[in-house]
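**Q** any chance you can model this:
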Amino acid sequence: MTDLHAPARTGAIPDTTGNTRAVVGELLRRIATGDPAAVADLYAAEVDWRLGWPDDEHGTSVPWVRHRSTRADIEDHYRTIAEHHVPNAATVDVDRVLVDGPHAAVHGELGQTLRSTGVGYRARFSLHLTVVDDRIVAQTIVEDSLAVLRAVRRPATPASPSSG
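**A** The predicted structure follows:
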């Protein structure tokens, strides 16, 4: 079977399961710290970044959702997410990290709250990463795009009056 996300290289890719697991662990740690430049530094200069979003239906409605191809794009992605969400309100529950050589799959659920509306959402996700030479060279993320889209499109709900 041909792996469409494997980097184009001659010869076999060595079994780098330990290195891959370490890079994925570091990625999750850096995402949690909220430093977009530090996160982006784990990626290769050129990246095959793909999204499991239907572009023609609602991929353009969410500012941080678009295809990326460079380390600078990755940094922009994480900056844009931070700009549109309430700081320190995000949650990520990782159910499983599976590693096979240079490939890793991270499965879980994330929670965010939009700054503009105060609307919160939870979305299941699956992240596939390919790591070569301790850099992420490919990433595909599939998440509950409908949950995210509904939160983005839902108007803010007025705060209930406080009781005196």
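
**Q** report pLDDT for residue 100.
**A** Among the per-residue scores, residue 100 shows a pLDDT of 95.

**Q** hey, what's it bridged with?
**A** residue 103 (DSSP bridges).

**Q** got any ranges where the chain has weak pLDDT?
**A** Scanning the chain for pLDDT under 70 picks out 1-16, 54-60, 156-164.

**Q** in it, what residue spans correspond to helices?
**A** 17-33, 36-40, 71-84, 145-153 (DSSP state H).

**Q** so which of these is nearest residue 116?
**A** helix 71-84 (7.1 Å; CB to CB). No exception for glycine: its C-beta is placed from N, CA and C like everyone else's.

**Q** check which helices and strands the closest one sits against.
**A** helix 36-40, strand 43-51, strand 68-70 (3 or more CB pairs under 8 Å, 6 or more residues apart in numbering; DSSP states H and E).

**Q** ok, back up a step: would you turn the helices of the chain into CSV with distance to residue 129?
**A** Listed next are the helices of the chain as CSV, based on distance: least, CB to CB, whole Å:
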stretch, distance to residue 129
helix 17-33, 6
helix 36-40, 12
helix 71-84, 12
helix 145-153, 19
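
**Q** now render these as TSV, adding mean neighbour count.
**A** Formatted as TSV, the helices of the chain follow (neighbours: other CB atoms under 10 Å):
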stretch	mean neighbour count
helix 17-33	16
helix 36-40	19
helix 71-84	17
helix 145-153	17
